[in-house]
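Peer 1: predicted model and sequence below, questions to follow.
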Amino acid sequence: MAGGFSPVDRQAAIALVFVELACALLLLFGNRLPTAAMTGATAALLAPANSTLHWIQSVATARSDASRLSSEVAQLRIERDRMIDSSIENARLRALLGFAERGRPVLHAFQVGDVAGEPWPIIYHLNGGAAEGLHVGQAVLAPEGLVGRITRVDAQTASVALLTDPNAPIACEVVGTGVRGVLKFRFGAEPGLYLTAVPLTDTVKVGERIVTSATSLLFPAGIPVGRVTQVGREPTGLLSMIRVESFAPLSRAREVLVAMGPIDRTWWPKPAPPDSVRAQVARGAAGRDSSGVAADSGRSASSGARPDSLARR
């Protein structure tokens, strides 16, 4: 059984045995020894026990400090991830402002005159139409992200199919991982937005951001759409069931922004890549912007050809 004790336990047991023997000897012969000799003998006998006790206390203190430091390191890692997330969003917003300043495209604000759909909004009716330059296919945005696209226009009004329109699916992807799916609104026991057609082998986590995909024929890549709030499995057991909450407040919006003019894929920032290459992408952004301006001026001077995005629409 002795072999099962740790070194600390064995040292403590040996010290305890010595102390018990010393106490027994003092009880038996203590009245026959001088006081000075008894004091010196007691100190000498208890010295190993005291040193062992101090060592045990130091080990316990070190373990407590190690546990506390581990907790602090974990908290610092969480804060670091939050700062990275905030810096990415900040960079994206700054890039959006830069795109707006270059006027590609111009964003015009329109008031939401009426909302169709109960209990979930499905269609916005805008107080503006063809007379204000609106036409079918234009992207409709809020400061937080995508709202939908214009599907009907007359002289004075226009209709917008929202993200919550079951008949208006959108090709989307997960920021960072590139997992692709189709965003649809589902009715039923748990109505809401879902990223569908995602295999179980693709990992998607709660809290990850969803943006429009490069495979979309209706929107440029990288427009913020929403955030993952729930991940499960479809009843069939073949696909993931991923619930998404939209960034744009669809049930509370009073005004929206319509992208006037051609929708070019370079207009909106691309989805954020993994952490390992984010710095390289940030450094190359300025070079791409300057080259893009030069290319645009060259195209306008040399040819009147329509861009691919207009031909696609």
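Peer 2: Nice, thanks for sending it over.
Peer 1: stretch 90-98 - what's its average pLDDT?
Peer 2: For stretch 90-98, the mean per-residue pLDDT is 65.
Peer 1: again with stretch 117-132
Peer 2: Mean pLDDT, stretch 117-132: 92.
Peer 1: for it, buried residues please.
Peer 2: Residues of stretch 117-132 classed as buried: 120-124, 126, 128-129, 132 (neighbour count, 16 or more other C-beta atoms under 10 Å). Bear in mind the C-beta positions are built from the backbone N, C-alpha and C, glycine included.
Peer 1: you'd agree residue 11 is up against residue 52?
Peer 2: Yes. Judged on C-beta atoms under 8 Å, residue 11 makes contact with residue 52 at a distance of 5.2 Å.
Peer 1: and the helices in the stretch 1-150 of the chain?
Peer 2: Using DSSP state H, counting those that start in this stretch, the helices of the stretch 1-150 of the chain run over 7-29, 35-102.
Peer 1: okay, and the beta partners of the closest residue to residue 121 other than its chain neighbours?
Peer 2: The shortest distance from residue 121 to any non-neighbouring residue, by C-beta to C-beta, 6 or more residues apart in numbering, is to residue 115 (4.8 Å). Beta-bridge pairing of residue 115 under DSSP bridges involves residue 124.
Peer 1: how about the contacts made by residue 115?
Peer 2: Taking C-beta atoms under 8 Å, 6 or more residues apart in numbering, we find residue 115 in contact with 121, 123-125.
Peer 1: show me how this protein divides into domains.
Peer 2: Under automatic domain parsing, the residue ranges defining each domain of the chain are 2-68, 103-293.
Peer 1: could you redo the ones you listed as CSV and give each row distance to residue 79?
Peer 2: Conversion of the domains of the chain to CSV gives the following (distance: least, C-beta to C-beta, whole Å):
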stretch, distance to residue 79
domain 2-68, 17
domain 103-293, 15
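Peer 1: tell me which of those is the most buried.
Peer 2: Neighbour counts (mean count of other C-beta atoms under 10 Å) averaged over each of those peak at domain 103-293, with a mean of 17.
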